[in-house]
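Visitor: Sequence first, then the predicted structure:
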Amino acid sequence: MNIRIGRDRLLLLGYFLGTILVGSILLILPASWNGSGKLHYIDALFTSTSAVCVTGLITVNTADYSRFGQAVIMCLIQMGGLGLITFATLYIALPRRRISIVSRGLISDYTLSEVEYQPKKIIRSILGLTFAIEGLGMLILNLSFRKMGLPFFVSAFHAISAFCNAGFSTFPNNLENFVIDPLVNVAMMTLIILGGLGFIVMRDIGKVISRERTHLSYHSVIVLKTTSALIILGAVAILALEYRTTLSGMTLWQKIMASLFASVTPRTAGFDTIVPNRFSTGSILVTILLMFIGASPASTGGGVKTTTFFILLMTAFRYRDGSDSLDYRGRAIGGHTVFKAVGIVVKGLAIVFVAVIFIEVMEKARGNILLTINVIYEVVSAFATVGLSLGITPSLGDTSKMVLILTMFIGRVGLFAMALPRSGRKVEGYASLPSADLMIG
């Protein structure tokens, strides 16, 4: 048992590290680069990590890569974007392996319970749904891009990048030229939201539409409600804060569309139709919060997840002293789930805090004085695998870039690896420890 669990972690980390390494080697090839000067390996490694971790942060413009280099990035995005759940399901469902009790418990945490008896069907469904949605997105985006004389590859790249919540764009200024283009905005937002909902939620919705089921699962209801609330409240906040400044000169509909896009994209997508550093401090703080929360479980996105945020809110406002659980919509959310949510958020905050301090110290030593809020923005964007940037990443030193690389990797893979069950036999005790008296609040 101990060896098997160790191999789970090793294979998981090896898969992502190996993919990142191969990607960096391909990107450092002369055939991958069209920009001025020579591409440094640290930048190729940064791009590869950002693509596999579906982040979107860049130290060199993606438009400076050749078509071959961009194709490599697109493939890396797809491999990372299919998600940890696909990797985990594939691993336990291989014909030569038996599905252990430990693996069932691990995977059911990310797919609810279906994978325990239909792992291969789940895999086919994930792959089929991914390619179908991305294919439809390519066709819709091509309606706008072909008017500009752009090849179909550009539509394919952006559809995959959007559904995988990666945020990479082949345009030098991201999607800022399409801020008032309704087709591109709606298509990209739809792809981002679908990719961030999670495969289980999308399959659940499909079953209800096809009348295979009569109602959505409890998990799907929570995810959809939390996602909708975050998008709407985020858009309202940004619209109110930027109405007479950044959004001035637009019609009311264009302002609403731009605000919605600015609220959707921090959910780990990383595209922008308005340069982020044009936003006020209030909008930047709203964006940081949305980025940290991120997408939903078993999705292509990162962050601490919508369900984690929901549980924290319920704990803060609905918990009653003396209760062992939280009650919501006729269901009890157990203490184990609450502890897990708190643990994820605390780990996330700790990672962000350490990375921010480290980058501040390293850059100050180089004479590169940065605003703390800008560093926090960049680090949260890396941790939550978002990709939005206030423009400071290219100016960072190699050491600081390595910190962001590690932050992206930990945010995408590390928390999942740490969540794997620990080895060791648990001895059942016949007595419990005495309760601790500790004042709170």
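Guide: Yes, it's here. Nothing here was measured: the structure is a model prediction, and the numbers come from that model.

Visitor: Show me the strands in this structure, by range?
Guide: Using DSSP state E, the strands of the chain run over 325-328, 331-334.

Visitor: mean pLDDT lowest for which of those?
Guide: Mean pLDDT values for these show the minimum at strand 325-328, a mean of 77.

Visitor: Packing partners of that one?
Guide: For strand 325-328, the packing partners by 3 or more Cβ pairs under 8 Å, 6 or more residues apart in numbering; DSSP states H and E come out as helix 306-318, strand 331-334. Placement of C-beta: from N, CA and C, glycine included.

Visitor: How many neighbouring residues does the closest residue to Gly80 other than its chain neighbours have?
Guide: Leaving aside its sequence neighbours, Gly80 sits nearest to Val52 (Cβ to Cβ, 6 or more residues apart in numbering; 4.0 Å). Per other Cβ atoms under 10 Å, the neighbour tally for Val52 reads 32.

Visitor: all numbers from here: first residue = 23
Guide: Understood, numbering begins at 23; the last thing we discussed is Val74.

Visitor: ok, so what distance separates Val74 from Ile99?
Guide: 8 Å (Cβ to Cβ, to the nearest Å).

Visitor: Over to Val243?
Guide: Val243 sits 30 Å away from Ile99, taking Cβ to Cβ as the criterion.

Visitor: now swap in His241 and tell me
Guide: Separation of His241 from Ile99 (Cβ to Cβ): 26 Å.

Visitor: between those two, which one's more packed in?
Guide: Neighbour totals were compared for His241 and Ile99, and Ile99 leads with 29 against 17 (other Cβ under 10 Å).

Visitor: Show the contacting residues for the more buried one.
Guide: Going by Cβ atoms under 8 Å, 6 or more residues apart in numbering, Ile99 touches Ala73, Val74, Val76, Ile182, Ser183, Cys186, Ala188, Phe190.

Visitor: what about this structure, any weak spots by pLDDT?
Guide: Along the chain, segments meeting pLDDT under 70 span 23-31, 105-142, 343-345, 436-455, 457-463.

Visitor: let's see 80
Guide: Along the chain, the parts satisfying pLDDT under 80 run over 23-35, 104-147, 320, 322, 340-352, 435-463.

Visitor: burial of the closest residue to Thr152 other than its chain neighbours, as a residue count?
Guide: Of all residues not flanking Thr152 in the chain, Leu104 sits nearest, at 6.3 Å (Cβ to Cβ, 6+ apart). Using other Cβ under 10 Å, Leu104 has 19 other residues around it.

Visitor: Am I right that Tyr63 is in contact with Ile50?
Guide: Yes: at 5.6 Å, Tyr63 and Ile50 qualify as touching, with contact defined as Cβ atoms under 8 Å.

Visitor: who has more neighbours, these two?
Guide: Ranked by neighbour count (other Cβ under 10 Å), Tyr63 and Ile50 place Ile50 first, with 19 against 13.

Visitor: so that one sits right up against Ile64, yeah?
Guide: No: taking contacts as Cβ under 8 Å, Ile50 lies outside contact range of Ile64: 10.0 Å.

Visitor: so Asn278 touches Ile260, yeah?
Guide: Actually, residue 278 is Ile. It isn't Asn. No: checked against Cβ under 8 Å, the pair Ile278 and Ile260 is beyond contact range at 10.2 Å.

Visitor: So between these two, which is more surrounded?
Guide: Ile260 (28 against 15).

Visitor: ok, now which ones touch the more buried one?
Guide: Taking Cβ under 8 Å, 6+ apart, one finds Ser281, Ala284, Ser285, Phe301, Ser305, Val308 in contact with Ile260.
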